[in-house]
Each structure stands twice: as structure tokens, then as C-alpha cells.
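Enquirer: I'd like to go over a predicted model; first the sequence, then the structure.
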Amino acid sequence: MIERRILGISSPGIRPGLSRMARLCSLLGHPERTFPAVHVIGTNGKGSVCASLDSILRESGCRTARYTSPHLEHLGERLTFDGQPLSPSMWEEAVEQVSEAILSDRMLSADPPSFFENLTAAAFLCIARGKLDFAVIEAGLGGRLDATNLLGRVQMTVFTSIGLDHEDILGQGLECIAKEKFAALRPGVPAVSASNGAFLDELAEKASRRLDSPLCLLGKNARVFPYTIGRAGSTFRLCREGFPPMDLSTPLLGKHQVVNAGLAALASLGLSEAWPCITEDSVREGLRKTVWPGRMEVVALDPPVVLDGAHNPQGAEMLAGNVRSLWPETPVALVMAAMKDKDLDGMLRALSPLGGDLFCTEVPGLDRSETAQGLAEKALSLPWPGKVRAFRDPEEALLEASGSAPLVLCTGSLYFIGRIRRRLIEKRNCTEAKE
């Protein structure tokens, strides 16, 4: 209901630019300026870092808001207070105020903000009214022209890994994409960043020096080493210049989650000078309690099903490497659905070293979704190392895959993962209840 209401007052598609969002926030009384925030920007890993940061801040005794996108199963997941979704009435009140502001303004009525801009404005209203201690805010895409870049009280900026995605909007190549993201640095506001290779790291350092924004690069000024990766999570040592090493752990699976957890820890420790409630113990315990569904999430069925929303070549490559590290000798059946505006050839090439049969499917009712047949044709043209089959029904694809290998991997899109996750969790719970 709320999602349909927002769609009804929004212009279609993605529309970069801050003019509409700035005008809307002004009409709403600038809620984006009323709360301290951590701004998380990047291509992959933003949601995991937000979840880890939110958990650390709550463990430190802070009341928190967390705003992320997209959602897996329902819109309410995008904004949480103290780890819990907001009541529908809070959303309804905020959306009504956004709608009234648009309809009352001649310019916005003629040129409405996008869905993401209106949703973000409503989220800012909710956070402002919540009188919380901290908000952890994930950028939508890019950084410079993203709706979230209007935040007025950013205390820390976090840059996750940067890869090729949304090139039609952010520009062609890693340099263009990185410059768009690093443009969200703020004068005098500290930042932490994952290492993205020597060239992009130099871009980040130049931007931070120009803005007098202290930057800590994970991989240069701090390191996560040694680390151990397992099916129950990872342990690692965070080493920082001038500080004793810290032994930490995360339940999130995969080597990339060690980096994401390290970024969250660095950001939190950087905040601790101004927020002494954040301690090494709260960082350690907050990381240990982090929950983030749909990212290397294992659903304990027979056979086990791994859910991961990797949706670009960089994410798919990391996923393939993690699966092989954790299940080195286990044959894998892949179930995949993806959006047609993504680099499908690149994703398929990145996943192909896993081998096994590929069960192509689609997200019903979603126009952006590539058809099962279209995805299958792209896989066959590689060629894919195993058999390739197409199923319009995701549940049929999953059923067939479950009978073909001792491990099933579902990937390609968070929209797809959200579509199938609820059924899988219900099936697991029923199985456990019978036992």
C-alpha cells in the first residue's frame, strides 16, 4: 500500500540530480539536517557494512536508524529503528507529508521526484521524528548526485569496494565511477575506505587531501590479517597504525565480509573519540551479532541452499571464489535470475568457474527482469561448462536444481533472492518442527 502510494507521486526510472530532492527537503523543513549520520557509499558491500555499523552502534547503547536499499521481501526492511521495522502508520504519515509538499509546489508537480527520492525524503522525515542518536544511511548509487548526499550532519563517510555498475548513469569505466563516489567526501569529515587498487586509492587520497577529510585506507593505514574463513563465519585481526591489534569476528560468510566488517570496525573506532560509548568491546560484540539476510546466507535444507544477491561481475566473482573456498569439493547447481540492464555476460563469466548445471529463471511480474530464455541463451553463448535449462517459474527452477547437486546456489539479483527466500525459510522451519 505504501509502496504504491509512493509510486503514484513519483516520476519513473532513475533520475540523477539533486535539484528535485533539495527542493522537496526544503519544503519539508530540511529533516535531513537534524540527525548525525554515517554515509556508506560504494558498489558492493554497502548493505553489509550498514548492518554491521548499525549492530555496533546499538551494542554501544545508541538508538539507531538504518536506511538501506533495495529490500528483500517488503519495503519496511529499508528503514529500521533500533533494528526493527517502522510501524506502517509512521510511513503513512511521512508519505502523506511528502505527497502534500509535491502537490503544493508548481515545479515538483510538473517534474516529480523519483521513487527513490520520495522514499528517501519520507525516510528522512521518519528519522528526524524518531529523535535517535545516529542514522546509518546507504547511498542508492553513485554519491555526488545521490539523494542521500543531501545529509546535513555526516560524522563519517565509508567507501566500500568499487566496481563496474550503473555505467549508463555514472560514466564509463572505474575512474568515472570512483570519482562520482569520492565526490561525496565532505570537508573536514573523516572517512574510511576499502582498498580498490593503487589507482583508485590515489584518487581517494587526492580527494581527501583537497577537502581536508582524514582518510583511513583499509589495506594501507590499517589491515585485516590474519583471518580465517569458515561456514560459521570468519575471525580476523584488525591492525591499525598506532593502536594494539584487535581480534574480531563476523557471522557473515566470505572473504569479502572480513573486509566489510573491518570497514565497519574502523568507522566505529573513528567515531569513538566523539562518541565514547563506542568501545572496543562494543565493536567486537556488535560485529559478532550482525545479521544481514540474502548475502551468502545458507538455508539448512537437503540439499543446502546458498542465497546471495550478487548482481554485477565484481560481486559474482567474489561469490564464486567464496563458494569454492567454503565448499571446495562440492558440486554446485546454480539457479539464477537477473535484471536485463545488468552486465549479464560478465556475471555469467564470473560464475562459470563453479561449473555445474545452470537453471535460468526470472522474477515474475518485474519488467526489468531478463527472461529465463534470454538468460539461458547468453549462458549458452559463453559457453557455460554444464547443462543450461530455462524455467519461467523460480520455484520450479529451484526444485529441479535441488535434485541435481548436493549444494544449490541462488544468485543474480536481490529481487530474485527476496522472491524465493520466504518460501525457503518456511520450508526449513517446517522441517525443523517435524524433527
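Expert: On my side now, so go ahead.

Enquirer: Now stretch 2-17: buried residues?
Expert: 2, 5-6, 9-10, 15-16 (16 or more other C-beta atoms under 10 Å). In this view, the C-beta of every residue, glycine as well, is placed from N, C-alpha and C.

Enquirer: now those in JSON lines, with secondary structure and pLDDT?
Expert: Output for the buried residues of stretch 2-17, formatted as JSON lines (DSSP: H, G, I helix; E, B strand; the rest coil; pLDDT from 0 to 100):
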{"residue": "2", "secondary structure": "helix", "pLDDT": "86"}
{"residue": "5", "secondary structure": "helix", "pLDDT": "92"}
{"residue": "6", "secondary structure": "helix", "pLDDT": "94"}
{"residue": "9", "secondary structure": "coil", "pLDDT": "94"}
{"residue": "10", "secondary structure": "coil", "pLDDT": "93"}
{"residue": "15", "secondary structure": "coil", "pLDDT": "77"}
{"residue": "16", "secondary structure": "coil", "pLDDT": "77"}
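
Enquirer: so who does the closest residue to residue 60 other than its chain neighbours touch?
Expert: Spatially, and ignoring its direct neighbours in sequence, residue 60 is nearest to residue 282 (4.1 Å; C-beta to C-beta, 6 or more residues apart in numbering). When contacts are counted by C-beta atoms under 8 Å, 6 or more residues apart in numbering, residue 282 is found next to 56, 59-61, 268.

Enquirer: among those residues, who's most crowded?
Expert: residue 56 (30 neighbours; other C-beta atoms under 10 Å).

Enquirer: Following the helix or strand hosting that one in sequence, what is the next regular element?
Expert: Element membership of residue 56, judged by DSSP states H and E, is helix 46-59. Helices and strands here follow DSSP H and E; after helix 46-59, the next one along the chain is strand 64-67.

Enquirer: mind exporting stretch 311-321 as CSV, just the C-alpha atoms?
Expert: Output in CSV follows, covering the C-alpha atoms of stretch 311-321 (Å, rounded to 0.1, in the frame of the first residue of the first chain):
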residue,chain,number,x,y,z
HIS,A,311,24.2,-8.5,-9.3
ASN,A,312,27.3,-7.3,-11.1
PRO,A,313,30.5,-9.0,-12.3
GLN,A,314,32.6,-8.0,-9.3
GLY,A,315,30.1,-9.4,-6.9
ALA,A,316,29.7,-12.6,-8.9
GLU,A,317,33.4,-13.1,-9.0
MET,A,318,33.7,-12.7,-5.2
LEU,A,319,30.7,-15.0,-4.8
ALA,A,320,32.3,-17.8,-6.9
GLY,A,321,35.5,-17.5,-5.0
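
Enquirer: quick one on the thing from earlier: state the separation between the one helix or strand the residue nearest to residue 60 maps to and the centre of the chain it belongs to.
Expert: Residue 282 belongs to helix 280-288 when assigned by DSSP H and E. The chain centre lies 21 Å from the centre of helix 280-288; the measure is C-alpha atoms, centre = their mean, to the nearest Å.

Enquirer: could you give the angle of that helix to helix 46-59?
Expert: 140 degrees (axes from the mean of the first three to the mean of the last three C-alpha atoms, to 10 degrees).

Enquirer: Can you list the buried residues in helix 280-288?
Expert: Under the neighbour-count criterion of 16+ other C-beta under 10 Å, helix 280-288 has 280, 282-288 buried.

Enquirer: Give me the next element, helix or strand, following that helix.
Expert: strand 297-299.

Enquirer: so who does residue 388 touch?
Expert: Contacts of residue 388 (C-beta under 8 Å, 6+ apart): 357-358, 360, 376, 379-380.

Enquirer: Return the member of the residues you listed nearest to residue 85.
Expert: residue 360 (32.6 Å; C-beta to C-beta).

Enquirer: Wait, that closest one touches residue 396, no?
Expert: No. Applying C-beta atoms under 8 Å, one finds residue 360 not in contact with residue 396, separated by 11.5 Å.

Enquirer: between those two, which one's more packed in?
Expert: More neighbours surround residue 360 than the other of residue 360 and residue 396, with 29 against 13 (other C-beta under 10 Å).

Enquirer: Show me what that one is bridged to.
Expert: Partner residues in beta bridges with residue 360, using DSSP bridges, are residue 336, residue 390.

Enquirer: so who does it touch?
Expert: 336-337, 372-373, 375-376, 379, 388-391, 397.

Enquirer: from those, which would you call buried?
Expert: Judged by 16+ other C-beta under 10 Å, buried ones among these: 336-337, 372, 375-376, 379, 388-391, 397.

Enquirer: And the pLDDT at the nearest residue to residue 47 once chain neighbours are set aside?
Expert: With C-beta to C-beta, 6+ apart as the criterion, residue 47 has its nearest non-adjacent residue at 5.0 Å, and that residue is residue 68. In this model, residue 68 is scored at 97, pLDDT.

Enquirer: same question, residue 291
Expert: 97.

Enquirer: so who does the closest residue in space to it that isn't next to it in sequence touch?
Expert: Sequence neighbours aside, residue 51 is the residue nearest to residue 291 in space, at 6.7 Å (criterion: C-beta to C-beta, 6+ apart). Taking C-beta under 8 Å, 6+ apart, we find residue 51 in contact with 66, 68, 290-292.

Enquirer: CA-only coordinates of stretch 254-267 in PDB, if you can.
Expert: Provided in PDB are the C-alpha atoms of stretch 254-267 (Å, rounded to 0.1, in the frame of the first residue of the first chain):
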ATOM      1  CA  GLY A 254      33.100 -15.000   2.800                       C
ATOM      2  CA  LYS A 255      36.400 -13.200   2.500                       C
ATOM      3  CA  HIS A 256      34.700 -10.000   1.300                       C
ATOM      4  CA  GLN A 257      32.800  -9.900   4.600                       C
ATOM      5  CA  VAL A 258      36.100  -9.800   6.500                       C
ATOM      6  CA  VAL A 259      36.800  -6.500   4.600                       C
ATOM      7  CA  ASN A 260      33.300  -5.200   5.200                       C
ATOM      8  CA  ALA A 261      33.500  -6.000   8.900                       C
ATOM      9  CA  GLY A 262      36.900  -4.300   9.100                       C
ATOM     10  CA  LEU A 263      35.500  -1.200   7.500                       C
ATOM     11  CA  ALA A 264      32.600  -1.100  10.000                       C
ATOM     12  CA  ALA A 265      35.000  -1.600  12.900                       C
ATOM     13  CA  LEU A 266      37.300   1.200  11.600                       C
ATOM     14  CA  ALA A 267      34.400   3.600  11.100                       C
END
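
Enquirer: on that earlier part again, just the ones in strands from the contacts of residue 388, please.
Expert: Assignment to strands by DSSP state E places the following of these there: 358, 360.

Enquirer: Taking the contacts of residue 388, tell me the two that lie furthest apart.
Expert: 357 and 380 (12.4 Å).

Enquirer: So between these two, which is more surrounded?
Expert: Ranked by neighbour count (other C-beta under 10 Å), residue 357 and residue 380 place residue 357 first, with 19 against 15.
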